[in-house]
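> Next come a sequence and a model predicted from it.
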Protein chains: 2
Amino acid sequence: MKEPRWKEAEFEEIEYEPTSIKELLVEMKNISELMVDLAYSAILFNNSDIAGEVKYLEVHIEKLNYQIRIMAMLAARTTEDAEKLSGILQMAEATKMISGAAGDMVKLLSVKLKHPLLPRILKESDEMIKKMVVGGDSAAVEKSLPELHVASETGVRIIALRRGNRWFYSPKDVALKKGDVMLGVGPEEGLEQLDKFLKGKVGVLE
Amino acid sequence: MKEPRWKEAEFEEIEYEPTSIKELLVEMKNISELMVDLAYSAILFNNSDIAGEVKYLEVHIEKLNYQIRIMAMLAARTTEDAEKLSGILQMAEATKMISGAAGDMVKLLSVKLKHPLLPRILKESDEMIKKMVVGGDSAAVEKSLPELHVASETGVRIIALRRGNRWFYSPKDVALKKGDVMLGVGPEEGLEQLDKFLKGKVGVLE
(Lines give C-alpha, C1' and ligand atoms only; values in the text may rest on other atoms or scores of the structure.)
Protein backbone atom coordinates (compact mmCIF):
# COMPACT_ATOMS: atom_id res chain seq x y z
CA MET A 1 0.00 0.00 0.00
CA LYS A 2 1.23 3.43 -0.89
CA GLU A 3 2.03 5.58 2.14
CA PRO A 4 -0.03 8.79 2.29
CA ARG A 5 1.74 11.91 1.02
CA TRP A 6 2.39 13.44 4.42
CA LYS A 7 4.29 10.33 5.55
CA GLU A 8 6.36 10.18 2.36
CA ALA A 9 7.24 13.82 2.87
CA GLU A 10 9.40 13.10 5.87
CA PHE A 11 11.84 11.24 3.65
CA GLU A 12 11.58 13.36 0.53
CA GLU A 13 13.96 15.97 -0.72
CA ILE A 14 12.63 19.51 -0.56
CA GLU A 15 12.34 20.61 -4.17
CA TYR A 16 12.08 24.30 -3.44
CA GLU A 17 14.90 25.48 -1.24
CA PRO A 18 14.53 29.01 0.07
CA THR A 19 18.06 30.37 0.18
CA SER A 20 17.93 32.98 2.94
CA ILE A 21 16.49 33.25 6.43
CA LYS A 22 14.11 35.93 5.18
CA GLU A 23 12.86 33.74 2.33
CA LEU A 24 12.39 30.84 4.74
CA LEU A 25 10.36 32.97 7.11
CA VAL A 26 8.18 34.42 4.35
CA GLU A 27 7.61 30.87 3.04
CA MET A 28 6.62 29.70 6.54
CA LYS A 29 4.21 32.61 6.96
CA ASN A 30 2.60 31.98 3.55
CA ILE A 31 2.29 28.24 4.15
CA SER A 32 0.72 28.65 7.57
CA GLU A 33 -1.85 31.11 6.19
CA LEU A 34 -2.64 28.69 3.37
CA MET A 35 -3.00 25.91 5.97
CA VAL A 36 -5.67 27.80 7.91
CA ASP A 37 -7.54 28.39 4.66
CA LEU A 38 -7.24 24.73 3.62
CA ALA A 39 -8.10 23.39 7.08
CA TYR A 40 -11.41 25.29 7.11
CA SER A 41 -12.10 24.20 3.53
CA ALA A 42 -11.37 20.55 4.43
CA ILE A 43 -13.90 20.68 7.25
CA LEU A 44 -16.55 22.77 5.52
CA PHE A 45 -16.46 20.55 2.43
CA ASN A 46 -15.81 17.34 4.39
CA ASN A 47 -12.87 16.62 2.06
CA SER A 48 -10.07 14.32 3.14
CA ASP A 49 -7.88 15.16 0.09
CA ILE A 50 -7.56 18.69 1.40
CA ALA A 51 -7.03 17.39 4.92
CA GLY A 52 -4.12 15.38 3.51
CA GLU A 53 -2.58 18.54 2.03
CA VAL A 54 -2.81 20.20 5.44
CA LYS A 55 -1.10 17.26 7.16
CA TYR A 56 1.59 17.31 4.49
CA LEU A 57 2.18 21.04 4.98
CA GLU A 58 2.41 20.54 8.74
CA VAL A 59 5.40 18.24 8.17
CA HIS A 60 6.83 20.73 5.67
CA ILE A 61 6.63 23.57 8.21
CA GLU A 62 8.53 21.43 10.72
CA LYS A 63 11.29 20.94 8.16
CA LEU A 64 11.47 24.66 7.34
CA ASN A 65 11.58 25.42 11.05
CA TYR A 66 14.54 23.05 11.41
CA GLN A 67 16.30 24.69 8.46
CA ILE A 68 15.74 28.19 9.80
CA ARG A 69 17.17 27.21 13.20
CA ILE A 70 20.29 25.80 11.56
CA MET A 71 20.72 28.88 9.34
CA ALA A 72 20.18 31.25 12.27
CA MET A 73 22.79 29.52 14.40
CA LEU A 74 25.32 29.55 11.59
CA ALA A 75 24.63 33.24 10.87
CA ALA A 76 25.08 34.52 14.44
CA ARG A 77 28.54 35.99 15.00
CA THR A 78 27.92 38.57 17.74
CA THR A 79 25.50 38.91 20.67
CA GLU A 80 23.57 41.54 18.70
CA ASP A 81 23.23 39.13 15.76
CA ALA A 82 21.99 36.44 18.12
CA GLU A 83 19.35 38.76 19.64
CA LYS A 84 18.02 39.68 16.22
CA LEU A 85 18.03 36.07 15.08
CA SER A 86 16.28 34.98 18.24
CA GLY A 87 13.32 37.15 17.20
CA ILE A 88 13.25 35.41 13.82
CA LEU A 89 13.20 32.02 15.54
CA GLN A 90 10.34 33.11 17.79
CA MET A 91 8.34 34.13 14.74
CA ALA A 92 9.11 30.75 13.15
CA GLU A 93 7.88 29.01 16.33
CA ALA A 94 4.68 31.04 16.23
CA THR A 95 4.17 29.95 12.63
CA LYS A 96 4.54 26.36 13.78
CA MET A 97 1.81 26.97 16.36
CA ILE A 98 -0.62 28.18 13.67
CA SER A 99 0.33 25.20 11.53
CA GLY A 100 -0.22 22.85 14.48
CA ALA A 101 -3.67 24.30 15.13
CA ALA A 102 -4.62 23.81 11.46
CA GLY A 103 -3.26 20.25 11.61
CA ASP A 104 -5.26 19.48 14.75
CA MET A 105 -8.37 20.90 13.09
CA VAL A 106 -8.27 18.45 10.17
CA LYS A 107 -7.81 15.52 12.56
CA LEU A 108 -11.52 16.00 13.25
CA LEU A 109 -12.05 14.48 9.79
CA SER A 110 -10.30 11.22 10.69
CA VAL A 111 -13.07 10.39 13.14
CA LYS A 112 -15.57 8.27 11.22
CA LEU A 113 -18.89 10.03 11.57
CA LYS A 114 -22.26 8.78 10.43
CA HIS A 115 -23.02 12.27 9.10
CA PRO A 116 -20.65 14.78 7.56
CA LEU A 117 -19.24 17.18 10.10
CA LEU A 118 -21.21 20.21 8.99
CA PRO A 119 -24.22 19.09 6.97
CA ARG A 120 -26.32 22.10 7.89
CA ILE A 121 -23.90 24.58 6.49
CA LEU A 122 -23.16 22.57 3.39
CA LYS A 123 -26.80 22.32 2.50
CA GLU A 124 -27.09 26.04 1.88
CA SER A 125 -24.16 26.23 -0.51
CA ASP A 126 -23.93 24.47 -3.87
CA GLU A 127 -20.17 24.98 -3.97
CA MET A 128 -17.69 22.13 -3.68
CA ILE A 129 -13.94 21.82 -3.46
CA LYS A 130 -11.92 19.58 -5.76
CA LYS A 131 -8.29 18.60 -6.15
CA MET A 132 -7.28 18.43 -9.82
CA VAL A 133 -4.05 17.50 -11.60
CA VAL A 134 -2.80 18.93 -14.91
CA GLY A 135 -2.16 16.10 -17.39
CA GLY A 136 0.58 16.12 -20.05
CA ASP A 137 -1.93 16.14 -22.92
CA SER A 138 -3.97 19.05 -21.61
CA ALA A 139 -4.26 22.25 -23.63
CA ALA A 140 -3.72 23.99 -20.27
CA VAL A 141 0.03 23.27 -20.30
CA GLU A 142 2.11 26.46 -20.61
CA LYS A 143 -1.01 28.62 -20.18
CA SER A 144 -1.86 30.76 -17.14
CA LEU A 145 -5.24 30.70 -15.37
CA PRO A 146 -6.33 34.12 -16.71
CA GLU A 147 -5.35 33.06 -20.27
CA LEU A 148 -7.61 30.04 -19.89
CA HIS A 149 -10.51 32.18 -18.51
CA VAL A 150 -11.00 29.55 -15.81
CA ALA A 151 -13.11 31.81 -13.59
CA SER A 152 -15.46 33.11 -16.29
CA GLU A 153 -15.84 29.76 -18.13
CA THR A 154 -16.38 27.52 -15.11
CA GLY A 155 -17.17 29.69 -12.08
CA VAL A 156 -14.27 27.98 -10.27
CA ARG A 157 -11.82 29.87 -8.04
CA ILE A 158 -8.40 28.23 -7.78
CA ILE A 159 -7.50 28.71 -4.12
CA ALA A 160 -4.10 27.03 -4.31
CA LEU A 161 -1.63 25.64 -6.82
CA ARG A 162 1.14 23.21 -5.98
CA ARG A 163 4.07 22.03 -8.12
CA GLY A 164 5.85 19.15 -6.41
CA ASN A 165 6.53 20.50 -2.94
CA ARG A 166 6.17 24.14 -3.87
CA TRP A 167 3.00 26.11 -3.36
CA PHE A 168 2.25 29.19 -5.42
CA TYR A 169 0.42 31.91 -3.57
CA SER A 170 -0.48 33.98 -6.65
CA PRO A 171 -1.44 31.17 -9.01
CA LYS A 172 -2.66 33.60 -11.66
CA ASP A 173 0.91 34.49 -12.70
CA VAL A 174 2.02 30.89 -13.18
CA ALA A 175 2.27 29.06 -16.52
CA LEU A 176 0.83 25.60 -15.83
CA LYS A 177 2.93 22.44 -16.16
CA LYS A 178 2.15 18.74 -16.29
CA GLY A 179 1.66 17.40 -12.78
CA ASP A 180 0.58 20.72 -11.22
CA VAL A 181 -1.99 20.19 -8.49
CA MET A 182 -4.86 22.65 -8.17
CA LEU A 183 -7.45 23.12 -5.47
CA GLY A 184 -10.58 24.70 -6.89
CA VAL A 185 -13.80 25.88 -5.24
CA GLY A 186 -16.96 26.27 -7.28
CA PRO A 187 -20.13 24.66 -8.60
CA GLU A 188 -19.89 20.87 -9.13
CA GLU A 189 -20.52 21.17 -12.88
CA GLY A 190 -17.76 23.75 -13.36
CA LEU A 191 -15.31 21.64 -11.37
CA GLU A 192 -16.06 18.54 -13.50
CA GLN A 193 -15.66 20.58 -16.68
CA LEU A 194 -12.31 22.00 -15.51
CA ASP A 195 -11.11 18.58 -14.33
CA LYS A 196 -11.80 17.04 -17.78
CA PHE A 197 -9.98 19.90 -19.47
CA LEU A 198 -6.96 19.58 -17.18
CA LYS A 199 -6.86 15.82 -17.78
CA GLY A 200 -6.84 16.49 -21.54
CA LYS A 201 -10.19 14.74 -22.09
CA VAL A 202 -11.65 17.85 -23.71
CA GLY A 203 -9.57 20.27 -25.74
CA VAL A 204 -11.37 23.53 -25.03
CA LEU A 205 -12.65 25.06 -21.82
CA GLU A 206 -16.10 26.41 -22.59
CA MET B 1 -5.21 53.84 34.53
CA LYS B 2 -7.54 52.66 31.84
CA GLU B 3 -7.65 48.89 31.52
CA PRO B 4 -6.53 47.63 28.11
CA ARG B 5 -9.35 46.79 25.70
CA TRP B 6 -8.99 43.02 25.92
CA LYS B 7 -9.53 43.13 29.68
CA GLU B 8 -12.55 45.39 29.41
CA ALA B 9 -14.01 43.00 26.87
CA GLU B 10 -14.63 40.30 29.41
CA PHE B 11 -17.24 42.48 31.09
CA GLU B 12 -18.74 44.16 28.05
CA GLU B 13 -21.95 43.32 26.30
CA ILE B 14 -21.55 41.85 22.85
CA GLU B 15 -22.96 44.43 20.46
CA TYR B 16 -23.29 42.12 17.50
CA GLU B 17 -25.23 39.02 18.38
CA PRO B 18 -25.25 36.31 15.74
CA THR B 19 -28.67 34.73 16.00
CA SER B 20 -28.14 31.19 14.73
CA ILE B 21 -25.57 28.47 15.26
CA LYS B 22 -24.57 28.80 11.62
CA GLU B 23 -24.02 32.56 11.94
CA LEU B 24 -21.97 32.02 15.09
CA LEU B 25 -19.76 29.47 13.40
CA VAL B 26 -19.24 31.65 10.32
CA GLU B 27 -18.38 34.58 12.60
CA MET B 28 -15.87 32.43 14.52
CA LYS B 29 -14.26 31.24 11.29
CA ASN B 30 -13.99 34.81 9.96
CA ILE B 31 -12.60 36.16 13.22
CA SER B 32 -9.98 33.44 13.53
CA GLU B 33 -8.81 34.06 9.94
CA LEU B 34 -8.61 37.78 10.66
CA MET B 35 -6.63 37.02 13.83
CA VAL B 36 -3.96 35.10 11.92
CA ASP B 37 -3.67 38.02 9.51
CA LEU B 38 -3.48 40.58 12.33
CA ALA B 39 -1.05 38.49 14.40
CA TYR B 40 1.45 38.33 11.54
CA SER B 41 0.96 42.06 10.87
CA ALA B 42 1.54 42.86 14.57
CA ILE B 43 4.84 41.01 14.53
CA LEU B 44 6.04 42.10 11.09
CA PHE B 45 5.30 45.76 11.88
CA ASN B 46 6.23 45.47 15.55
CA ASN B 47 2.88 47.08 16.43
CA SER B 48 1.35 46.58 19.86
CA ASP B 49 -1.98 48.26 18.89
CA ILE B 50 -2.59 45.40 16.50
CA ALA B 51 -1.39 42.91 19.09
CA GLY B 52 -4.05 44.36 21.42
CA GLU B 53 -6.76 43.75 18.80
CA VAL B 54 -5.64 40.12 18.53
CA LYS B 55 -5.81 39.66 22.31
CA TYR B 56 -9.24 41.26 22.33
CA LEU B 57 -10.45 38.93 19.58
CA GLU B 58 -9.10 35.93 21.48
CA VAL B 59 -11.44 36.77 24.36
CA HIS B 60 -14.27 37.38 21.89
CA ILE B 61 -13.79 33.91 20.34
CA GLU B 62 -14.01 32.36 23.80
CA LYS B 63 -17.34 34.10 24.31
CA LEU B 64 -18.69 32.99 20.95
CA ASN B 65 -17.53 29.46 21.72
CA TYR B 66 -19.48 29.58 24.98
CA GLN B 67 -22.59 30.87 23.18
CA ILE B 68 -22.40 28.20 20.50
CA ARG B 69 -22.15 25.46 23.14
CA ILE B 70 -25.22 26.76 24.91
CA MET B 71 -27.19 27.06 21.66
CA ALA B 72 -26.14 23.57 20.53
CA MET B 73 -27.24 22.00 23.79
CA LEU B 74 -30.59 23.74 23.68
CA ALA B 75 -31.10 22.73 20.03
CA ALA B 76 -30.45 19.00 20.45
CA ARG B 77 -33.67 17.00 20.71
CA THR B 78 -32.67 13.61 19.30
CA THR B 79 -29.46 11.53 19.17
CA GLU B 80 -29.15 12.42 15.49
CA ASP B 81 -29.39 16.14 16.31
CA ALA B 82 -26.74 15.72 18.96
CA GLU B 83 -24.37 13.96 16.56
CA LYS B 84 -24.69 16.75 14.03
CA LEU B 85 -24.27 19.43 16.65
CA SER B 86 -21.24 17.69 18.07
CA GLY B 87 -19.54 18.25 14.71
CA ILE B 88 -20.35 21.95 14.93
CA LEU B 89 -18.85 22.13 18.41
CA GLN B 90 -15.69 20.38 17.22
CA MET B 91 -15.31 22.96 14.47
CA ALA B 92 -15.80 25.73 17.03
CA GLU B 93 -13.09 24.16 19.22
CA ALA B 94 -10.74 24.04 16.23
CA THR B 95 -11.41 27.72 15.62
CA LYS B 96 -10.45 28.38 19.22
CA MET B 97 -7.16 26.57 18.61
CA ILE B 98 -6.33 28.84 15.66
CA SER B 99 -7.29 31.84 17.76
CA GLY B 100 -5.11 30.62 20.62
CA ALA B 101 -2.12 30.18 18.31
CA ALA B 102 -2.55 33.75 17.01
CA GLY B 103 -2.86 35.01 20.59
CA ASP B 104 0.31 33.19 21.62
CA MET B 105 2.09 34.67 18.63
CA VAL B 106 1.48 38.28 19.66
CA LYS B 107 2.68 37.53 23.20
CA LEU B 108 6.14 37.62 21.64
CA LEU B 109 5.66 41.39 21.43
CA SER B 110 5.22 41.77 25.19
CA VAL B 111 8.83 40.74 25.73
CA LYS B 112 10.81 43.99 25.83
CA LEU B 113 13.48 43.63 23.19
CA LYS B 114 16.35 45.98 22.52
CA HIS B 115 15.71 45.58 18.80
CA PRO B 116 12.41 45.12 17.01
CA LEU B 117 11.57 41.49 16.48
CA LEU B 118 12.17 41.43 12.75
CA PRO B 119 14.34 44.40 11.82
CA ARG B 120 15.83 42.71 8.77
CA ILE B 121 12.53 42.09 7.10
CA LEU B 122 11.13 45.50 7.97
CA LYS B 123 14.06 47.30 6.44
CA GLU B 124 13.21 46.11 2.94
CA SER B 125 9.65 47.41 3.05
CA ASP B 126 8.59 51.05 3.39
CA GLU B 127 5.07 49.99 4.37
CA MET B 128 3.68 50.50 7.86
CA ILE B 129 0.50 49.57 9.65
CA LYS B 130 -1.67 52.09 11.50
CA LYS B 131 -4.82 52.00 13.59
CA MET B 132 -7.09 54.97 12.80
CA VAL B 133 -10.43 56.14 14.19
CA VAL B 134 -13.16 58.00 12.27
CA GLY B 135 -14.01 61.29 14.03
CA GLY B 136 -17.46 62.85 14.11
CA ASP B 137 -16.34 65.89 12.09
CA SER B 138 -14.73 63.91 9.31
CA ALA B 139 -16.02 64.18 5.76
CA ALA B 140 -15.61 60.39 5.69
CA VAL B 141 -18.79 59.86 7.74
CA GLU B 142 -21.54 58.12 5.73
CA LYS B 143 -19.13 57.48 2.84
CA SER B 144 -17.70 54.09 1.79
CA LEU B 145 -14.01 53.45 1.17
CA PRO B 146 -14.38 53.22 -2.63
CA GLU B 147 -16.36 56.50 -2.65
CA LEU B 148 -13.47 58.16 -0.82
CA HIS B 149 -10.89 56.69 -3.25
CA VAL B 150 -8.76 55.74 -0.24
CA ALA B 151 -6.58 53.28 -2.16
CA SER B 152 -5.84 55.54 -5.15
CA GLU B 153 -5.41 58.77 -3.12
CA THR B 154 -3.21 57.39 -0.34
CA GLY B 155 -1.86 53.98 -1.38
CA VAL B 156 -3.33 52.56 1.84
CA ARG B 157 -5.11 49.18 1.99
CA ILE B 158 -7.67 48.91 4.79
CA ILE B 159 -7.16 45.36 6.06
CA ALA B 160 -9.86 45.48 8.71
CA LEU B 161 -12.70 47.68 9.94
CA ARG B 162 -14.27 47.42 13.37
CA ARG B 163 -17.44 49.09 14.73
CA GLY B 164 -17.65 48.54 18.47
CA ASN B 165 -17.26 44.80 18.84
CA ARG B 166 -18.16 43.97 15.28
CA TRP B 167 -15.60 43.38 12.56
CA PHE B 168 -16.46 43.87 8.92
CA TYR B 169 -14.75 41.44 6.60
CA SER B 170 -15.64 43.29 3.37
CA PRO B 171 -15.03 46.88 4.54
CA LYS B 172 -15.56 48.30 1.08
CA ASP B 173 -19.35 47.90 1.27
CA VAL B 174 -19.66 49.73 4.59
CA ALA B 175 -20.74 53.39 5.04
CA LEU B 176 -18.36 54.76 7.69
CA LYS B 177 -19.58 56.00 11.06
CA LYS B 178 -18.07 58.05 13.86
CA GLY B 179 -15.92 55.81 16.06
CA ASP B 180 -15.18 53.19 13.39
CA VAL B 181 -11.70 51.74 13.83
CA MET B 182 -9.62 50.99 10.75
CA LEU B 183 -6.39 49.12 10.33
CA GLY B 184 -4.52 50.33 7.27
CA VAL B 185 -1.31 49.14 5.62
CA GLY B 186 0.63 51.46 3.32
CA PRO B 187 3.34 54.11 2.99
CA GLU B 188 3.84 56.26 6.10
CA GLU B 189 2.88 59.47 4.27
CA GLY B 190 -0.38 58.01 2.95
CA LEU B 191 -1.29 56.73 6.41
CA GLU B 192 -0.70 60.16 8.00
CA GLN B 193 -2.78 61.82 5.29
CA LEU B 194 -5.65 59.35 5.79
CA ASP B 195 -5.44 59.66 9.57
CA LYS B 196 -5.79 63.49 9.37
CA PHE B 197 -8.75 63.15 7.04
CA LEU B 198 -10.48 60.61 9.29
CA LYS B 199 -9.90 62.87 12.31
CA GLY B 200 -11.53 65.75 10.42
CA LYS B 201 -8.32 67.84 10.41
CA VAL B 202 -8.40 68.09 6.63
CA GLY B 203 -11.61 68.17 4.66
CA VAL B 204 -10.52 66.48 1.44
CA LEU B 205 -8.51 63.35 0.81
CA GLU B 206 -6.04 64.17 -1.96
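The structure has been received and is ready for your questions.
> Make sure residue A:138 is indeed in a helix.
No - under DSSP: H, G, I helix; E, B strand; the rest coil, residue A:138 falls outside any helix and is assigned coil.
> and it, what does it touch?
A:176, A:178, A:197, A:198, A:199, A:200 (CB atoms under 8 Å, 6 or more residues apart in numbering or on different chains). The way it works is simple: take the backbone N, C-alpha and C, and place the C-beta from them, glycine included.
> In a markdown table, list those residues along with distance to chain B, secondary structure and neighbour count.
Converted to a markdown table, the contacts of residue A:138 look like this (distance: CB to the nearest CB, whole Å; DSSP: H, G, I helix; E, B strand; the rest coil; neighbours: other CB atoms under 10 Å in any protein chain shown):
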| residue | distance to chain B | secondary structure | neighbour count |
| --- | --- | --- | --- |
| A:176 | 28 | coil | 21 |
| A:178 | 33 | coil | 15 |
| A:197 | 31 | helix | 24 |
| A:198 | 28 | helix | 24 |
| A:199 | 32 | helix | 16 |
| A:200 | 36 | coil | 16 |
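> mind listing the strands for chain A?
A:127-133, A:157-163, A:166-168, A:181-187 (DSSP state E).
> mind checking which of the ones you listed is nearest residue A:74?
Checking the strands of chain A against residue A:74 by CB to CB gives strand A:166-168 as the closest, at 23.9 Å.
> just checking, what packs against that closest one?
helix A:21-44, strand A:157-163 (3 or more CB pairs under 8 Å, 6 or more residues apart in numbering or on different chains; DSSP states H and E).
> Show me which residues of it are buried.
A:167, A:168 (16 or more other CB atoms under 10 Å in any protein chain shown).
> Partner strands of it, with direction?
Its sheet considered, strand A:166-168 pairs with strand A:157-163 (antiparallel) by DSSP bridges.
> The strand it pairs with to strand A:127-133, inter-axis angle?
20 degrees (axes from the mean of the first three to the mean of the last three CA atoms, to 10 degrees).
> What lies in contact with strand A:157-163?
With CB under 8 Å, 6+ apart, strand A:157-163 has contacts from A:34, A:37-38, A:41, A:53, A:129, A:145, A:150-151, A:167-168, A:171, A:174, A:177, A:179-186.
> Among these, name the buried ones.
Buried by 16+ other CB under 10 Å: A:34, A:37-38, A:41, A:53, A:129, A:145, A:150-151, A:167-168, A:171, A:180-186, out of the contacts of strand A:157-163.
> count of residues packed around residue A:84?
By other CB atoms under 10 Å in any protein chain shown, 21 other residues sit near residue A:84.
> Is it possible to get JSON lines of the strands of chain A that adds mean pLDDT?
Formatted as JSON lines, the strands of chain A follow (pLDDT from 0 to 100):
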{"stretch": "strand A:127-133", "mean pLDDT": "87"}
{"stretch": "strand A:157-163", "mean pLDDT": "88"}
{"stretch": "strand A:166-168", "mean pLDDT": "82"}
{"stretch": "strand A:181-187", "mean pLDDT": "89"}
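> Identify whichever of the ones you listed lies nearest to residue B:73.
strand A:127-133 (29.8 Å).
> buried residues in the closest one?
In strand A:127-133, counting by 16+ other CB under 10 Å, buried: A:127, A:128, A:129, A:130, A:131, A:132.
> Not counting sequence-adjacent ones, nearest residue to the third one?
Closest residue in space to residue A:129, ignoring its immediate chain neighbours: residue A:45 at 4.3 Å, by CB to CB, 6 or more residues apart in numbering or on different chains.
> Tell me if I'm right that the one you found and residue A:109 touch.
No - judged on CB atoms under 8 Å, residue A:45 makes no contact with residue A:109 at a distance of 10.2 Å.
> Outline the domain layout of chain A.
A:5-110, A:126-199 (automatic domain parsing).
> Just the terminal-to-terminal distance for the shortest one.
Using CA to CA, to the nearest Å, the span of domain A:126-199 from its first residue to its last is 24 Å.
> same question, stretch A:131-150
15 Å.
> burial count for the closest residue to residue A:40 other than its chain neighbours?
Of all residues not flanking residue A:40 in the chain, residue B:29 sits nearest, at 5.8 Å (CB to CB, 6+ apart). Around residue B:29 there are 20 other residues, counting by other CB under 10 Å.
> isn't residue B:29 right next to residue B:92, touching?
No - under the criterion of CB under 8 Å, residue B:29 makes no contact with residue B:92, lying 9.2 Å away.
> For the closest residue to residue A:190 other than its chain neighbours, list the residues it contacts.
The shortest distance from residue A:190 to any non-neighbouring residue, by CB to CB, 6+ apart, is to residue A:154 (3.6 Å). Applying CB under 8 Å, 6+ apart, we find residue A:154 in contact with A:186, A:190, A:191, A:193, A:194, A:205.
> if we go to 7 Å?
By CB atoms under 7 Å, 6 or more residues apart in numbering or on different chains, the contact set of residue A:154 is A:186, A:190, A:193, A:194, A:205.
> now swap in residue A:103 and tell me
With CB under 7 Å, 6+ apart, residue A:103 has these contacts: A:54, A:55, A:58.
> please redo it, this time with the cut-off set to 8 Å
A:35, A:39, A:54, A:55, A:58.
> Check residue A:134 too.
A:140, A:141, A:176, A:177, A:178, A:179, A:180, A:181, A:182, A:198.
> Need phi/psi at it.
phi -80, psi 120 (degrees, to the nearest 10).
> rewinding a little: CSV please, covering the contacts of residue A:138 and showing pLDDT.
Listed next are these as CSV, based on pLDDT from 0 to 100:
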residue, pLDDT
A:176, 94
A:178, 94
A:197, 95
A:198, 95
A:199, 93
A:200, 91
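> What is the nearest of those residues to residue B:69?
Of the contacts of residue A:138, the one sitting nearest to residue B:69 (CB to CB) turns out to be residue A:198, at 42.7 Å.
> so where's chain A uncertain?
A:1-18, A:111-125 (pLDDT under 70).
> again, 80 this time
A:1-19, A:46, A:83-84, A:108-127, A:165, A:169-170, A:206 (pLDDT under 80).
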